[in-house]
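Visitor: The sequence and its predicted three-dimensional model are supplied below.
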Number of protein chains: 4
Amino acid sequence: VLTNASYGKSRVRLVQVARHGDRHDLSELTIGIRFEGEYDDAYVAGDNRDVLPTDTMKNTVYALAAGRPILSPETFALALGAHFLDRNPRLSRVRIDVTDYAWERIEGGHAGSAFVRRGPDARIAVVTADRHSIVVEGGVADLLVLKSSGSAFSGFMRDELTTLPDTDDRLLATAVTATWRYQDDHVEFNSAWAAARIALLDAFAGHESASVQHTLYAMGEAVLARVSGVASLHIVMPNKHHLPVDLSRFGLENRNEVFVPTDEPHGLIEATISR
Amino acid sequence: VLTNASYGKSRVRLVQVARHGDRHDLSELTIGIRFEGEYDDAYVAGDNRDVLPTDTMKNTVYALAAGRPILSPETFALALGAHFLDRNPRLSRVRIDVTDYAWERIEGGHAGSAFVRRGPDARIAVVTADRHSIVVEGGVADLLVLKSSGSAFSGFMRDELTTLPDTDDRLLATAVTATWRYQDDHVEFNSAWAAARIALLDAFAGHESASVQHTLYAMGEAVLARVSGVASLHIVMPNKHHLPVDLSRFGLENRNEVFVPTDEPHGLIEATISR
Amino acid sequence: VLTNASYGKSRVRLVQVARHGDRHDLSELTIGIRFEGEYDDAYVAGDNRDVLPTDTMKNTVYALAAGRPILSPETFALALGAHFLDRNPRLSRVRIDVTDYAWERIEGGHAGSAFVRRGPDARIAVVTADRHSIVVEGGVADLLVLKSSGSAFSGFMRDELTTLPDTDDRLLATAVTATWRYQDDHVEFNSAWAAARIALLDAFAGHESASVQHTLYAMGEAVLARVSGVASLHIVMPNKHHLPVDLSRFGLENRNEVFVPTDEPHGLIEATISR
Amino acid sequence: VLTNASYGKSRVRLVQVARHGDRHDLSELTIGIRFEGEYDDAYVAGDNRDVLPTDTMKNTVYALAAGRPILSPETFALALGAHFLDRNPRLSRVRIDVTDYAWERIEGGHAGSAFVRRGPDARIAVVTADRHSIVVEGGVADLLVLKSSGSAFSGFMRDELTTLPDTDDRLLATAVTATWRYQDDHVEFNSAWAAARIALLDAFAGHESASVQHTLYAMGEAVLARVSGVASLHIVMPNKHHLPVDLSRFGLENRNEVFVPTDEPHGLIEATISR
């Protein structure tokens, strides 16, 4: 029995230059496309008759990028999804994933057409569409943030293997990946996206944190409170531990100043917050 | 409203040396632990009273690895899952992910205690347990395979953006990630795992492939046919395209011999096959 | 015969929080330390008597970071180098490599102690010191830039395997890694570094480029012209090719708008430019 | 003043299938090409007249791979180097870097043309040639090895920041990267390479190690003793620390059985050993 079958193309890379005289707009997107539908014959019998090649999916990305400036990753994903549903009768559900890398203009001489990459965080958009409904999501990946005050972790459950001490002043660092679901597909995506990103940063900065869980929830609440076009959001936050160095071995005092940042192991906290 | 909340520890790394005189057994595991349960107070109110620290989850891995040789990643994951369910009344569901890296003995002098890493594929195991049931999965990640005969892709659907030619003899290359669900938690995991891996390789090598989808299904069928302890499996296979180089530009002929392997874009095919 | 022997510690990670009331300064450095000297007995005879453990090198990083704000990666590297030369009579030459990751303040509420990572480029510093001389280098790694006008590549040598067409308007994209040697160890490193980075960006943006080689040289000249404290610099620039998509296969025209960015293969250009 | 200028193409990927009836031989190489010579006009004046495009370098790889089975990465690199020196009068020195990824046959049905990747270590070859001389190097990268007996580190120098205890029984783990220089360009490269790799493994396994330095030297000596075609070799070995877990906090004893493998920081040891 065959279930959960899907096929598609991943890591289709696109750079579009929209030329308005000397002033150019630059978009860099990496796109994934996934088809689900009545394609069992391809798996079971090797019958390709109804299979649109993934190479054609790639071609479609480039054809849809010709002659029309990409206004947002969400609208481009919507156009791709609609195109595929229109032409593929056996396609029941299509998912378009977009990562949008930010470039900002280099100031000065050739400012209109010279860019420097800004990161490390990236914008993400996901469109999932079937014959009856469309879901549009936006988000941010790898938004690295750190706060050096306003973060504690204490009063937790202890068992015989618990050695962690209570702390009322620790470094809190994480790489936020958040994906929010828009109320519908007519939201002004660019302004909503920018507002949601700022809400995440503000809430992280201003929160009196009792734990990563606590701050994650506050960040989700902030997005819902500030951005009316967002219906719900899912946030994933690793706890990128920063361990205070024991300087007493050298006759020195660590006044909460010297830390070892570590990548592994790390805590991993996630949740969906909805209206 | 808070939903889909989980927290845990990722990338807990463990090396265990089981010493039997001069002959040592070596296990290297990377472990992830995820808790779901009645922990909403931590998110909403910053109340940590019922929160077992993820640092304790890490300690538990090391405590359970003391004095008992790890016989398989599945049994170690089962022990961890049972330990956490026993001691955490608010825990409703725990998931343990294990990646097991293979080391083989270096032959010769100190053969009993000197090892060389074998890869790039790794063994994986997943245990998901709640108060009523336990699901044990095994699998393999990043099993890179390539075949230079017995692979075609033709007769597919064409639209106005389709430029791919039919081919009856192409290179087929992929990195198999397969996860299979065992019938129960009393299977002989090590022999079942080895049999499943061989079934995947054999089916890939011997299949007359009409597409990646077609071969993926044949590989799934082979595992179900040969390994009775497996109830179902999910397979993910990127199509790692190898493009024939057009040598005619140099007055040379490419007799299906010279290819450019590419990483992006790539096809991505997946499915679950069940009895 | 033993030559070119060195030993040291790599990837020592340090976060320092300098607390000035509610306003904190944050430094994140990754440090490498390499010793060369009269250590042959350790290699040849297993005699560790004169070997300072690499674990102690790591401890030294943390001890020197205690109680003194890190003013620049160069001054911190100078302090480390001097410390090691002072205490290790058999050390003839020490090299300290520093990567400095930028964090900027999150505006608003807790602005004094909440940060967001800025990238993807990083600042680098290298100090190489022996008993007679000190060389200080600064630099930047992974500075991604792209220009969509003012870049050509034509009139090049052709042989029978050359298929590349001339172009007078191509996308030029690269990831600049530049390392410059300061005139001495008393330069104002932070302002010199900022001036050099801006000179690189300006020269890249404003140059009428005949090739990557041509632009690389212009960028080097700009740094030497604008930053008096720099004696010479070495620049490495991959040519991150952006291939125009052939849309004519779909009956569409590509007005130099739609490109595939590629990572491999890539050109790789490097040179040292000195006064 | 312009010095140390070079240009070339990196990450040219090639798969060659040599078809002998039903039995195929598979080579996967990633190749880098670097030119040095009288190319200053390109940098300084944007004059491309003598610049062979890096795109042509890439084409040359594919043209030379047509119709001739690749017998070894060294011989393929020699052919590339000779080709470029022959046709480029301004080229004074060319360097060819090759990484060769191993595939082994899948046994059974289609054994002649189905392969599984073996790793994680890779074979490397480097040819550096000018108008007067040719240097051929072979090597291995990322050969991960670990030994759980026969490794100590004690009696080292101590200063006031040294906290590391002496140990007479520790885990020793490293990722060997070794590059050896062949006596000339007529060595039987494949058998010499295999013999050198085995010598490295044997020496690692059998050595009573007083330190990484000590074992590195013994490994170098072993290659020189066993492989007459090797003139010298450079070895780089990170010390991939495995830290014993302090189980006494849980009332348990760690009988040198339970370790945390760590990636950072790591020791880094290197040396050249010559006859």
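Guide: Arrived safely, thanks for sending. Numbering: from 1, shown residues only, chains lettered A, B, ... in the order given.

Visitor: how about the residues of the stretch 51-200 of chain A that lie near chain C?
Guide: A:59, A:62-63, A:65-67, A:103, A:106, A:108-121, A:143-150, A:171 (C-beta under 8 Å from any C-beta of the partner chain). Where C-beta positions appear, they are placed from N, C-alpha and C, glycine not excepted.

Visitor: Contacting chain B as well, which ones from these?
Guide: Okay, of those touching chain B (C-beta under 8 Å from any C-beta), that's A:59, A:63.

Visitor: In helices, which of the residues of the stretch 51-200 of chain A next to chain C appear?
Guide: A:59, A:62, A:63 (DSSP state H).

Visitor: quick one: the last one and residue C:247 touch, right?
Guide: Meaning residue A:63. Yes: with contact defined as C-beta atoms under 8 Å, residue A:63 counts as touching residue C:247 (6.7 Å).

Visitor: which residues in chain A form helices?
Guide: Under DSSP H, chain A gives helices at A:40-45, A:54-64, A:73-87, A:189-206, A:212-226.

Visitor: Turn those helices into CSV, columns for mean neighbour count and mean pLDDT.
Guide: CSV is the format used below for these (neighbours: other C-beta atoms under 10 Å in any protein chain shown; pLDDT from 0 to 100):
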stretch, mean neighbour count, mean pLDDT
helix A:40-45, 18, 97
helix A:54-64, 23, 98
helix A:73-87, 20, 98
helix A:189-206, 20, 97
helix A:212-226, 22, 98
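
Visitor: Of all the ones you listed, which one is nearest residue B:138?
Guide: Nearest of these to residue B:138, taken as C-beta to C-beta: helix A:40-45 at 22.5 Å.

Visitor: How about residues contacting that closest one?
Guide: Contacts to helix A:40-45, defined as C-beta atoms under 8 Å, 6 or more residues apart in numbering or on different chains, come from residues A:2, A:5, A:7, A:47-51, B:210-211, B:213-214, B:216-217, B:271.

Visitor: Restricted to buried residues, select the residues you listed in ChimeraX.
Guide: A single ChimeraX command selects the buried members of the contacts of helix A:40-45 (16 or more other C-beta atoms under 10 Å in any protein chain shown):
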select /A:2,5,7,47,48,50,51 /B:210,211,213,214,216,217,271
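
Visitor: just curious, which of the contacts of helix A:40-45 is nearest to residue B:130?
Guide: Once C-beta to C-beta is applied, the member of the contacts of helix A:40-45 that ends up nearest residue B:130 is residue B:271, at 26.4 Å.

Visitor: Leaving out chain neighbours, which residue sits closest to the residue of the stretch 1-150 of chain A found nearest chain B?
Guide: Per C-beta to the nearest C-beta, residue A:46 is where the stretch 1-150 of chain A lies closest to chain B, at 3.1 Å. Computed as C-beta to C-beta, 6 or more residues apart in numbering or on different chains, the closest residue to residue A:46 that is not its neighbour in sequence is residue B:210, at 3.1 Å.

Visitor: roughly how far apart are the residue nearest to residue A:232 when sequence neighbours are not counted and chain D?
Guide: Excluding its sequence neighbours, the residue lying closest to residue A:232 (C-beta to C-beta, 6+ apart) is residue A:274, at 3.7 Å. To chain D, residue A:274 is 38 Å away according to C-beta to the nearest C-beta, to the nearest Å.

Visitor: Just the strands from the stretch 101-250 of chain A, written as ranges.
Guide: With strands called from DSSP state E, counting those that start in this stretch, the stretch 101-250 of chain A shows them at A:114-130, A:134-147, A:172-182, A:230-239, A:242-244.

Visitor: Tabulate these (JSON lines), appending mean neighbour count and mean pLDDT.
Guide: Below are the strands of the stretch 101-250 of chain A laid out as JSON lines (neighbours: other C-beta under 10 Å; pLDDT from 0 to 100):
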{"stretch": "strand A:114-130", "mean neighbour count": "21", "mean pLDDT": "97"}
{"stretch": "strand A:134-147", "mean neighbour count": "21", "mean pLDDT": "98"}
{"stretch": "strand A:172-182", "mean neighbour count": "23", "mean pLDDT": "98"}
{"stretch": "strand A:230-239", "mean neighbour count": "22", "mean pLDDT": "98"}
{"stretch": "strand A:242-244", "mean neighbour count": "16", "mean pLDDT": "97"}
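
Visitor: Throw the ones you listed into CSV and include distance to residue B:225, thanks.
Guide: Shown next, in CSV, are the strands of the stretch 101-250 of chain A (distance: least, C-beta to C-beta, whole Å):
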stretch, distance to residue B:225
strand A:114-130, 34
strand A:134-147, 39
strand A:172-182, 40
strand A:230-239, 38
strand A:242-244, 51
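
Visitor: Where does the stretch 101-250 of chain A get nearest to chain B, which residue?
Guide: Going by C-beta to the nearest C-beta, chain B is nearest to residue A:210 of the stretch 101-250 of chain A, at 3.1 Å.

Visitor: Much appreciated, bye for now.
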